[in-house]
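Undergrad: Make a model of this:
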Amino acid sequence: MLALLSRLNRVQRSRWFKYIASGLVLVLAIGLVTAVAINRSNAAQDRFTVAEPKDVDTSKFTPEQKQAYEQEKSIQELTAKAYNELVDPRGAIAGVAVGLGVVTVISLAVIWLGVGLTSLAFLVLLGLIAGPMAVYGEGRWAGLGKFTFAVGVLGFCFVVLMESLRALLSPSVAVLAIARNVVMEATRMRVSIVFIVMLMFALAAVPGLLDPDTPLRFRVQNFLQYGTGGTFWIIAMLVVFLSVATVAFEQRDKIIWQTMTKPVAAWQYLLGKWLGVVSVAAVLLAVSSAGVFLFTEYLRQQPAQGEMVAFVPKTAGEFLTEDRSILESQVLTARRSVKPDFTIDVDKAVGEAMQARVQAALKADPNFKLTDEIAQGFREQIEREVRAGFSSIEPNSGREFVFSGLKEARDEGRFVTLRYKADVGANDPRTITYLTFLFKNVDLSRVQQIPAGQRLTIQAPPAAIDPDGKLYVWIGNGRPINERALAGATQTVSFGADGLEVYYPAGSYRMNYLRVVGLLWLKLAFLAMVGVCTATFLSFAVAAMTSFGVLFVAESASFLSNALDYYGTTTQKGNLDVVAFITRIIAWPIATAFKGYSDLRPTTNLVDGLLIPWSTLVSSGVVIGAVCAVLFAIGTSIFRRRELATYSGQ
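TA: Have a look, this model is predicted:
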């Protein structure tokens, strides 16, 4: 038996086996992608079409009737195109291609590491153990089988990528050698192992926590939220511990003597440490992100609420169920945001109000003098009132809002989503408020009872957009009684500066997901540099506490900045609150320093289906790179001045 295993080991390490196995893997992957593409292409005809009426003779129409007929036909065609865009089979092909690409890369790495047959045997054994429980088991046994298989596959991929990383860092270069040692430390340190095991178990457990009775869109959103956000926090904590420990422990245990006695400069040592940490973070992020992405693709192909099978509604004649439509157009997409056009002439409105304000002041005080400071204060206050008035609607009245720049959405045949948040008085939850929405160009109206202060959405077809790319939405404060006549409202409704937005798909969620992973890695790279820098002059405990403090402050800086806008420094009597004033002085620079980092909310944007453009990824890389360079320079300067070889005689 041992002789057979030894012979198989020599075979899997031989060059001819690696060439043959790699060729088979590539041929199989290409064949599977081609087969799926052909199968999807055969089913790629439009599912939703507009039937041409047989008994309609347009030659007898008057010009007005013909124009109305063509407009109605255009609306139907645009709506059908929008639905066909949502169920485009090319999306499924892309998902399969990405999945096979991940499997192919892992397979090739396994083969060229010389453990192809060993890995195959492990996966077969894992399938024999977990497969029967997952397929034939019920209840807890089925869940245990799926969980065991998921943990085994994730752990296997992690080991393979870590070994591949060690191979990539094998060249005899000082920086790479130090980075390779960090990678080896990550698999030996107890703290690292705890976080790695925690990550694998958490990622494997999240799918089992989804309630199959909830709408599919909520399951997908919850999985993306916990899968992406949860794994980031676990990896972030590991990065902090590893980056601090790899520098601090070597100084504490005098291991650094063996390194610094060689021709290694301080900058090479710290750069190697940072490179090793971010490489480990990249591997963990790659494994977790690939797992989240592939399971999201799996969820997407599950039946939504009201469907017999995926994309096929139970109700005859229905295009798409509401659950599927929202999932495809608002969650698994990448949307841009458009604000309403500001149609008020601010300068004119401010000028008229300024005259009235000055006359009122002179009437109250004949000795009043309009100084530049007073005029500026009047102007700022009036401008705020004008802008607030633009987004406010009096009881039982309405206002039309115009959203420009949506020609791309109309031409591409894509649904748009109106997202709004209405403030009513003090937003008392007991207040009953109705809003009426009318869309120009289409027979689409909505009357919604809204919870004050909460964000809601309404979906509109591309036909609601004018050929010039403008969407007209009339919003009424009240319930309709006759056309645009309203009744029942008692309070003014205000949408504020960010209360009205229109979203439209502008890209694929798959590429958006890639950019999300890139932003998460940039955040981890920043945390790694913070840990390395602080460990050059602080002990492990203090450096770890400092780095964790930076992590939590950076992640919450946006909330802190918004809170400071409402944090007063005076008492109710108008006196200065010393404690509040000192608190604001301390909190403001912290919130300002980290606000750029905190405003990068890749997970939130991913869950809400919002586009993260490449420009954001590039600019974030430049800014975070510059900050890391400054921290690296500080750490190097401090490290050069450290007495690393002081011997106490003990």
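Undergrad: what bits of the stretch 251-400 of the chain have low per-residue confidence?
TA: For the stretch 251-400 of the chain, applying pLDDT under 70 flags the ranges 257-262, 317-318, 343-353, 370, 372-388.
Undergrad: Would you map the strands across it?
TA: In the stretch 251-400 of the chain, the segments counted as strands under DSSP state E, counting those that start in this stretch are 307-309, 312-313, 335-338, 392-393, 398-403.
Undergrad: Of these, which is nearest Ala489?
TA: strand 392-393 (8.6 Å; C-beta to C-beta). (C-beta placed from N, C-alpha, C; glycine too.)
Undergrad: What helices and strands are in contact with that closest one?
TA: Applying 3 or more C-beta pairs under 8 Å, 6 or more residues apart in numbering; DSSP states H and E, one finds that strand 392-393 contacts strand 471-477, strand 493-494.
Undergrad: related to what we said a few turns ago, adding mean neighbour count, write the strands of the stretch 251-400 of the chain out as JSON lines.
TA: Output for the strands of the stretch 251-400 of the chain, formatted as JSON lines (neighbours: other C-beta atoms under 10 Å):
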{"stretch": "strand 307-309", "mean neighbour count": "13"}
{"stretch": "strand 312-313", "mean neighbour count": "18"}
{"stretch": "strand 335-338", "mean neighbour count": "20"}
{"stretch": "strand 392-393", "mean neighbour count": "19"}
{"stretch": "strand 398-403", "mean neighbour count": "18"}
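Undergrad: Distance to Tyr298 added to those, as CSV?
TA: As requested, those are exported to CSV (distance: least, C-beta to C-beta, whole Å):
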stretch, distance to Tyr298
strand 307-309, 14
strand 312-313, 18
strand 335-338, 23
strand 392-393, 45
strand 398-403, 36
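Undergrad: List just the one of the ones you listed that sits closest to Leu123.
TA: Each of the strands of the stretch 251-400 of the chain has some distance to Leu123 by C-beta to C-beta; the shortest is strand 307-309, at 29.5 Å.
Undergrad: strands paired with the closest one, and their directions?
TA: Paired with strand 307-309 in the same sheet, following DSSP bridges, are strand 312-313 (antiparallel).
Undergrad: Show me the domain layout of the chain.
TA: Per automatic domain parsing, the structural domains of the chain span 346-505, 509-640.
Undergrad: Using neighbour counts, pick out the buried residues of the helix or strand hosting Met545.
TA: Assigned by DSSP states H and E, Met545 belongs to helix 540-565. If you call a residue buried by 16 or more other C-beta atoms under 10 Å, then helix 540-565 has these buried ones: 540, 543-544, 546-548, 550-551, 553-555, 557-558, 560-561.
Undergrad: now swap in stretch 419-439 and tell me
TA: 419-424, 433-439.
Undergrad: What of stretch 25-33?
TA: Neighbour-count burial for stretch 25-33 [16+ other C-beta under 10 Å]: Val25, Ala29, Leu32, Val33.
Undergrad: chain center to that stretch: distance?
TA: Distance, stretch centre to chain centre, for stretch 25-33: 31 Å (C-alpha atoms, centre = their mean, to the nearest Å).
Undergrad: what's in contact with it?
TA: With contact meaning C-beta atoms under 8 Å, 6 or more residues apart in numbering, stretch 25-33 is reached by Ile93, Val96, Ala97, Leu100, Gly101, Val103, Thr104, Ser107, Leu108, Ile111.
Undergrad: In ChimeraX, select just the buried ones from those.
TA: Applying 16+ other C-beta under 10 Å to the contacts of stretch 25-33, the buried members can be selected in ChimeraX as follows:
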select :93,96,97,100,103,104,107,108,111
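Undergrad: helix/strand/coil for the residue lying closest to Ser279 once chain neighbours are set aside?
TA: In this structure, Ser279 finds its nearest non-sequential neighbour in Leu165, 5.6 Å apart by C-beta to C-beta, 6 or more residues apart in numbering. Secondary structure, DSSP: H, G, I helix; E, B strand; the rest coil: Leu165 is helix.
Undergrad: burial of Leu165, as a residue count?
TA: Using other C-beta atoms under 10 Å, the number of residues around Leu165 comes to 20.
Undergrad: swap in the one 3 residues further on?
TA: When counting by other C-beta under 10 Å, one arrives at 13 neighbours for Leu168.
Undergrad: same thing with Phe195?
TA: Per other C-beta under 10 Å, the neighbour tally for Phe195 reads 22.
Undergrad: Am I right that it is in a helix?
TA: Yes. Judged by three-state DSSP, Phe195 forms part of a helix.
Undergrad: Spit out the contact partners of it.
TA: With C-beta under 8 Å, 6+ apart, Phe195 has these contacts: Ile234, Ile235, Met237, Leu238, Phe241.
Undergrad: Sort out which one of those lies nearest Arg336 for me.
TA: Using C-beta to C-beta, those come closest to Arg336 at Ile235, 29.4 Å.
Undergrad: Please report how far that closest one lies from Lys470.
TA: Counting by C-beta to C-beta, to the nearest Å, the separation of Ile235 from Lys470 is 45 Å.
Undergrad: Between those two, tell me which one has more neighbours.
TA: The residue with more neighbours, out of Ile235 and Lys470, is Ile235; 26 against 17, by other C-beta under 10 Å.
Undergrad: list the contacts for that one?
TA: So Ile235 contacts Phe195, Leu199, Ala281, Leu284, Leu285, Ser288, Leu524 (C-beta under 8 Å, 6+ apart).
Undergrad: Now, those residues that are in helices?
TA: Judged by DSSP state H, helices contain the following of the contacts of Ile235: Phe195, Leu199, Ala281, Leu284, Leu285, Ser288, Leu524.
Undergrad: could you dump those residues to TSV with distance to Lys369?
TA: Shown next, in TSV, are the ones in helices among the contacts of Ile235 (distance: C-beta to C-beta, whole Å):
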residue	distance to Lys369
Phe195	67
Leu199	68
Ala281	63
Leu284	67
Leu285	63
Ser288	66
Leu524	59
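Undergrad: what about stretch 145-160, average pLDDT?
TA: Mean pLDDT, computed over stretch 145-160, is 81.
Undergrad: What of stretch 537-550?
TA: Averaging pLDDT along stretch 537-550 gives 88.
Undergrad: With just CA atoms, put it into PDB.
TA: This file holds the C-alpha atoms of stretch 537-550, laid out as PDB (Å, rounded to 0.1, in the frame of the first residue of the first chain):
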ATOM      1  CA  PHE A 537       7.200  51.700  18.500                       C
ATOM      2  CA  LEU A 538       4.500  50.100  20.700                       C
ATOM      3  CA  SER A 539       4.100  46.800  22.500                       C
ATOM      4  CA  PHE A 540       1.800  44.200  21.100                       C
ATOM      5  CA  ALA A 541      -1.100  45.000  23.400                       C
ATOM      6  CA  VAL A 542      -1.000  48.800  23.000                       C
ATOM      7  CA  ALA A 543      -0.400  48.500  19.200                       C
ATOM      8  CA  ALA A 544      -3.300  46.100  18.900                       C
ATOM      9  CA  MET A 545      -5.600  48.400  20.900                       C
ATOM     10  CA  THR A 546      -4.600  51.400  18.800                       C
ATOM     11  CA  SER A 547      -5.100  49.600  15.500                       C
ATOM     12  CA  PHE A 548      -8.500  48.300  16.600                       C
ATOM     13  CA  GLY A 549      -9.400  51.800  17.700                       C
ATOM     14  CA  VAL A 550      -8.500  53.100  14.300                       C
END
